[in-house]
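Chemist: My questions concern the predicted model and sequence given below.
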Amino acid sequence: MKKRYIIEDARKHLVEQINGIEGIEGTAMQENLVKNTKGLSAVIPKDNDGYCTVYKMDCADGLGLMTVYQVYPGIQLIYNDFEATGCEWEGALGQNILEINHCREGREGSKLLSGSCLYLGEGDMSIHTMDNCASEMAFPLKHYRGISVVINLELVSEYPPQTLAESGIDILEFKEKFCADGNCFIMRAKDEIEHIFSELYSVPDCLQKPYFKLKVQELLLFLCMVDVTKEKQREMYTSPQVEIVKEIHKKLISNLQERSTIEELSKEFLINTATLKATFKGIYGQPIGTYMKEYRMKQAAVLLRQTKSTIAEIANQVGYENQSKFSTAFRDVLKITPAEYRKQNASE
């Protein structure tokens, strides 16, 4: 059975919240969120003015936290922390709500209304209107940490931050610039993105309000200067391709003692080998062989910590008949021998 976060109305409510102006109206809306939100274990206001709210999600395989800061009227900055395979929500979202996502750790996937699927790797940034994505986000590595900046274009156009107003930038033009014809804009990891977002992951509490305001304005000014025609877009994958590759992934990790070749998988699942290799790497961030080697070693590390099985037995359980080859692979991935790793983690 597929495990995933269920955030049925959280994202819709976040959009509703972003439509509010700071102050009394925002506080009242926060109270409605607590009453109406489904699938959340807690909605925790961190202050009295509605500036910061933490949304806590429970599910079978872990927790998710979305920490939401109301930086300006119509602009939210959201810290996303997920340990799960995905999240979903209900209801249509606004066409004039722009979402900018930055992936710090893990991978994040979205399905567009066209049926195309796209994936962000570490350091990547995406921009899309919130009504253009289907009601599910995927976290293929079962771990995701990132930042979202959500912008109500009409509200920000009416109440622009000072720097934006002084620059003469028309925020409404961002939709046509980055999301024309239902597209989603992807910018691969680069120094400029790293500079803007990396500093947001370590801001002292006492400096958050002024610093968030500066960084959001810096981001908007940077986006104004971006020439979208010069940015090479990430490849997108069709929904059927993605579903087939997810089934292949499930088969690969369900029995680590079995070693299927790409050709065998291609024939069994009726998918072209080139498409299989490209789509797998697009979803999981690595070629199949590299991914499975690391997956096997991580599972071996768990067995070394939590069981008394011999190293030879563990090697066999993760698909290595030769203990020497297993030890070499383990050291390649974890930079330590299995015996040393077990000794270091003997207290667990």
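Modeler: Here it is on my side, so go on.
Chemist: now the helices for the stretch 51-200 of the chain?
Modeler: Secondary structure of the stretch 51-200 of the chain, counting by DSSP state H, counting those that start in this stretch: helices at 153-158, 162-167, 173-179, 191-198.
Chemist: Can you give me every residue that contacts Ser309?
Modeler: By CB atoms under 8 Å, 6 or more residues apart in numbering, the contact list for Ser309 reads Leu303, Gln317. In this view, the C-beta of every residue, glycine as well, is placed from N, C-alpha and C.
Chemist: same deal with the one 10 residues further on?
Modeler: Contacts for Gly319 were tallied using CB under 8 Å, 6+ apart; they are Leu256, Gln257, Glu258, Arg259, Arg296.
Chemist: Other residues contacting stretch 107-118?
Modeler: Contacts for stretch 107-118 (CB under 8 Å, 6+ apart): 101, 119-122, 126, 128, 131-134, 136-141, 144, 146, 182, 184, 186, 234, 236-239, 242, 283-285.
Chemist: returning to what we had before: out of the helices of the stretch 51-200 of the chain, flag the one nearest Gln323.
Modeler: Of all the helices of the stretch 51-200 of the chain, helix 191-198 sits nearest to Gln323, with 41.3 Å by CB to CB.
Chemist: Closest to the centroid, which residue in this protein?
Modeler: Glu108 (3.3 Å; CA atoms, centre = their mean).
Chemist: out of everything not next to it in sequence, what's closest to Asp81?
Modeler: Nearest residue to Asp81, sequence neighbours excluded (CB to CB, 6 or more residues apart in numbering): Leu65, at 4.6 Å.
Chemist: ok, the one you found - how many residues close by?
Modeler: Leu65 has 16 neighbouring residues, counting by other CB atoms under 10 Å.
Chemist: Repeat that for Asn322.
Modeler: Using other CB under 10 Å, Asn322 is surrounded by 12 other residues.
Chemist: just Asp227 next, same as before
Modeler: 7.
Chemist: Now for it: which residues touch it?
Modeler: Contacts of Asp227 (CB under 8 Å, 6+ apart): none.
Chemist: which secondary element of this protein has the worst mean pLDDT?
Modeler: Across the helices and strands of the chain, mean confidence by mean pLDDT, DSSP states H and E is lowest for helix 24-36: a mean of 34.
Chemist: Now do the buried residues in stretch 245-255.
Modeler: Val245, Lys246, Ile248, His249, Leu252 (16 or more other CB atoms under 10 Å).
Chemist: All the strands of the stretch 1-150 of the chain, residue numbers only.
Modeler: Using DSSP state E, counting those that start in this stretch, the strands of the stretch 1-150 of the chain run over 42-45, 52-59, 62-72, 75-82, 86-88, 97-106, 108-112, 116-120, 125-129, 133-138, 144-152.
Chemist: Determine which of these approaches Ala346 most closely.
Modeler: strand 62-72 (26.1 Å).
Chemist: Who are the packing partners of that closest one?
Modeler: Applying 3 or more CB pairs under 8 Å, 6 or more residues apart in numbering; DSSP states H and E, one finds that strand 62-72 contacts helix 10-18, strand 52-59, strand 75-82, helix 208-225.
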